[in-house]
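Mind looking at a prediction? Sequence and model below.
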Amino acid sequence: MLDHFRNDERAIEGLPIRLVIALVVGVASLGVMMNMLSGLSGLTVTELDARPSPDVVGPNYETVEITVVDPDGAPVADATVVLTSGTATIDGVATGTTGSDGTATISIDPELGPNQQEGTLEVSIKPP
């Protein structure tokens, strides 16, 4: 019986492409099933918004409350808020973590350069 297979010189045309198609369909089906079973979601990007209060601070020691919200306006807990120098300067980097209400309280001491009337600080949000 093995001699019959060894002497068979026929081939199946299109077998490699059929295997590739079966592999692609199988991987896609497996991904759908895993998502349905375990609730795994794909990597997505959600834009978060920062709402500082007050919007404008003077060049003195200030406490700023920054509320982090998702696209629906719901507060985001445990997010890290990072303030860095923009056109106004602060010493180093100021950070805070949002509470259950989505608000982080950060103390800053912004300074303006000579002949500078206004400046900005950069706000970055690191999601939980």
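Right, received. Where do you want to start?

Rounded mean pLDDT for the lengthiest strand in the chain, please.
Looking across the chain with DSSP state E, the single longest strand is strand 62-69. The average pLDDT within strand 62-69 is 92.

counting contacts, what elements does the helix or strand following it pack onto?
As assigned by DSSP states H and E, the chain's next helix or strand after strand 62-69 is strand 80-85. Packing partners of strand 80-85 (3 or more Cβ pairs under 8 Å, 6 or more residues apart in numbering; DSSP states H and E): strand 62-69, strand 94-97, strand 103-108, strand 121-126. C-beta here means a position set from N, CA and C on the backbone, and glycine is covered the same way.

which one of these lies closest to residue 9?
Closest approach to residue 9 among these is made by strand 121-126 (63.6 Å; Cβ to Cβ).

pretty sure residue 10 is in a helix, no?
No: assigned with DSSP: H, G, I helix; E, B strand; the rest coil, residue 10 falls outside any helix and is coil.
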